[in-house]
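Visitor: Need a 3D model of the sequence below.
(2 chains)
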Amino acid sequence: MKRILLCLAVVALYVLHQDIWFWRTAYPLVFGFVPIGLFYHGCFSVAAALLMWLLVKYAWPGHLEAEAQRKEEPKH
Amino acid sequence: MIPAIFVFLYLAAVLYIGVFAFRKARGKGEAEDYFLASRSLGPFVFLFSLFGTNMTAFAILGSSGHAFQNGIVTFGLMASSSGLVIPLTIFFVGTRVWALGKKHGFMTPVQMFRDRWECSHIGTVIFVVQATLLVPYIIIGIMGGGTTLNVISGGAVPFWFGGAIVAMVVMGYVFFGGMRGTAWVNTFQTILFLLFGAIAIVVIGAGMGGFKSAATAIASSPLAPLLTRERISPYYFFSYTFIPLSAIAFPHILIFCLTAEKMNHFKKTVIFYPLCILAIWLPCVFLGVMANRVTDVPQIKAKQEARRMLATQGKNLSPEQRDELREESAGDDVIMLLLQRYAPLWLAGLLGAGIMAAVMASDSQILALSTMFTEDVFAFYGHKNRFGEAVQINTGRIFIVLITMVAYAVALRAPETIFELAIQYAFSGFAALSPLLIAAIFWRGSTKWGALASTVWTAAAVVAVALFQHLVAAPAPGPSIVVWSLGGTEVLSRTPGGTAVFGFMPVVPMVIVSALLMVIVSLVTSKPKQTTIAKYFEVNR
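Guide: Below you'll find the predicted structure:
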């Protein structure tokens, strides 16, 4: 269930990148000078960092590290 | 000239870091130490060096220049999409490549492909395509270096000489320091250009008397579309989300993934990557847009005039005249012009060093090419066994000198702006190679023939796009030239900025067809031995 929710969150954020609702307007100017489209994508980057934190916390492939320690060949 | 002195001091510092890394490595004499820093990078250096290696001239000069011409759309096109897609690929692919590299001793992607798909010469084909696509990326660094030194010195250092200095310094610390030197320099550079964005926006904002009046003035002028995305089609915007797939397919990024001491070091990189992108790109894009309000810098006025001429009279001009105007209106140096105008000399110098830090990120590409050549060609064809590891490392060093010289020679002749050159060739090509990596790691059924089909397709598509854009001149700003339509649908068009296929950038069909070829050809060709497949899928559960 946790994995499905995380997958849905990734897909949702990908879709939210295509913010057609702020396409043709600069207003409101956030803080009086940042166009809303730019502000939105700044917030999008913060949301991406939060999503990465969730992935690291709940879906970290920790088993890979243990597997990697079991070397088969010294060098290629 | 004072700012240029700061930049030269900075160049001396990074060269010293390379020499220091060389001294630290003395006596080790192993290829894995020179090319991968003995897989020993800690979490802090791993985060900053991996991020720094992906931020080139493109991040500061290209982004502000693109924003100067196209507006705030630049951030959504490249920064926020990268902030989502790149850490995702590091999370899913980078960690698995790290584990496989640690277990089987791989040092390059091609080594992994050869082992995974039991192939030899097909691996060489992949090497050739990867190496060819990587060279433009190195050229960007040299071009950016030439432009930066030229502008910072007020024209006293010509473009050719600035590019030569940057090429020599990068070559120097990569030559001596190998991966350890490159990672340390990248860490130092990343800290510098993270500071750069914050300081630049405060200094330039204060100099312009605050941004409120500038933003309001742009919003109520004919330049208002720069604050929206109304000039960009949603298809074009969507296409750009495919470009960051290139990051994990770039050999230098993948090779960097092999340098972490522990897999836990990836955690900070994955989480902080979007925030680092935000910290660098947001100020650069915003300042690039605001530069349009600056009326007392003659060079910026000249760029605006060239842009206006192109828009109003472009249709009546020859393709050569249009290209000339495009070059005149290119904004790759606007951020430095703003610093010259608004920052005190000493601060402009420090900030110039920050820009130089971003510009010089071509170091890891040069090192990656050298690693790939010595491992995928020199060692693979038996020369390592014949001549030993010391000769292998020296061959790598000679290769570094040669590739830098070739890239410099091309940089002197390349007519494209930094941004266009990067996007059209290297990024789209590597994005189309990403299905190889994903199939190798996640799909048991993938085969070497599928990999070959994807690789040949990628090479052919890049050449086709380059040829098409060479043969069909870019139109003036406005409607595209429709070259092929089917039942009223525009299939292939030449746009003012490049090529459109069904309205999308070429990267979209390139990635989709590459993935399809990997699947279809793999389904009808014979698989590697079960023992080989098991090696990969016991790690990658």
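Visitor: can we go C-alpha only for contacts and neighbour counts from here?
Guide: Will do.
Visitor: Next secondary structure after the lengthiest helix in chain A?
Guide: As assigned by DSSP state H, the longest helix anywhere in chain A is helix A:36-59. The element immediately downstream of helix A:36-59 (helix or strand, assigned by DSSP states H and E) is helix A:63-69.
Visitor: Per-residue pLDDT of B:Val359, please?
Guide: B:Val359 is assigned a pLDDT of 69 by the prediction.
Visitor: so who does residue 46 touch?
Guide: If you meant another chain, say so; for now it's chain A. Residues counted as contacts of A:Val46 (C-alpha atoms under 8 Å, 6 or more residues apart in numbering or on different chains) are B:274-275.
Visitor: looking at chain B here, not the other one
Guide: Contacts of B:Phe46 by C-alpha under 8 Å, 6+ apart are B:183, B:259-260, B:265-266, B:269.
Visitor: possible to save the residues you listed as TSV with secondary structure, distance to chain A and neighbour count?
Guide: Listed next are the contacts of B:Phe46 as TSV, based on DSSP: H, G, I helix; E, B strand; the rest coil; distance: C-alpha to the nearest C-alpha, whole Å; neighbours: other C-alpha atoms under 10 Å in any protein chain shown:
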residue	secondary structure	distance to chain A	neighbour count
B:Ala183	helix	22	31
B:Thr259	coil	14	27
B:Ala260	strand	12	26
B:His265	helix	11	19
B:Phe266	helix	9	24
B:Thr269	helix	10	23
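Visitor: just checking, B:Ala79 touches B:Ile280?
Guide: No. If you go by C-alpha atoms under 8 Å, B:Ala79 and B:Ile280 don't touch, sitting 9.2 Å apart.
Visitor: between the two, which one's more packed in?
Guide: Counted by other C-alpha atoms under 10 Å in any protein chain shown, B:Ala79 and B:Ile280 do not tie: B:Ala79 has more neighbours, with 26 against 22.
Visitor: The more buried one belongs to a helix?
Guide: Yes. Counting by DSSP: H, G, I helix; E, B strand; the rest coil, one finds B:Ala79 located in a helix.
Visitor: Tell me how far it lies from B:Trp281.
Guide: The gap separating B:Ala79 from B:Trp281 is 6 Å, by C-alpha to C-alpha, to the nearest Å.
Visitor: How about B:Trp484?
Guide: Going from B:Trp484 to B:Trp281 by C-alpha to C-alpha gives 37 Å.
Visitor: more neighbours, these two?
Guide: B:Trp281 (24 against 14).
Visitor: Tell me where the stretch 401-541 of chain B has strands.
Guide: Counting by DSSP state E, counting those that start in this stretch, the stretch 401-541 of chain B has these strands, from start to end: B:481-486, B:489-495, B:498-501.
Visitor: and those strands, which is most packed in?
Guide: Mean neighbours per residue, mean count of other C-alpha atoms under 10 Å in any protein chain shown, is largest over the strands of the stretch 401-541 of chain B for strand B:498-501, with a mean of 21.
Visitor: ok so, going back, now the strands of the stretch 401-541 of chain B as JSON lines including mean pLDDT and distance to chain A?
Guide: Shown next, in JSON lines, are the strands of the stretch 401-541 of chain B (pLDDT from 0 to 100; distance: least, C-alpha to the nearest C-alpha, whole Å):
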{"stretch": "strand B:481-486", "mean pLDDT": "92", "distance to chain A": "25"}
{"stretch": "strand B:489-495", "mean pLDDT": "92", "distance to chain A": "21"}
{"stretch": "strand B:498-501", "mean pLDDT": "91", "distance to chain A": "19"}
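Visitor: how far away is the residue nearest to B:Leu523 when sequence neighbours are not counted from A:Leu6?
Guide: Nearest residue to B:Leu523 in three dimensions, chain neighbours excluded: B:Gly445, at 7.1 Å (C-alpha to C-alpha, 6 or more residues apart in numbering or on different chains). B:Gly445 is 26 Å from A:Leu6, where distance means C-alpha to C-alpha.
Visitor: circling back: how about JSON lines for the contacts of B:Phe46, with pLDDT and distance to B:Val73 added?
Guide: Output for the contacts of B:Phe46, formatted as JSON lines (pLDDT from 0 to 100; distance: C-alpha to C-alpha, whole Å):
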{"residue": "B:Ala183", "pLDDT": "91", "distance to B:Val73": "32"}
{"residue": "B:Thr259", "pLDDT": "93", "distance to B:Val73": "35"}
{"residue": "B:Ala260", "pLDDT": "93", "distance to B:Val73": "35"}
{"residue": "B:His265", "pLDDT": "93", "distance to B:Val73": "33"}
{"residue": "B:Phe266", "pLDDT": "95", "distance to B:Val73": "30"}
{"residue": "B:Thr269", "pLDDT": "95", "distance to B:Val73": "26"}
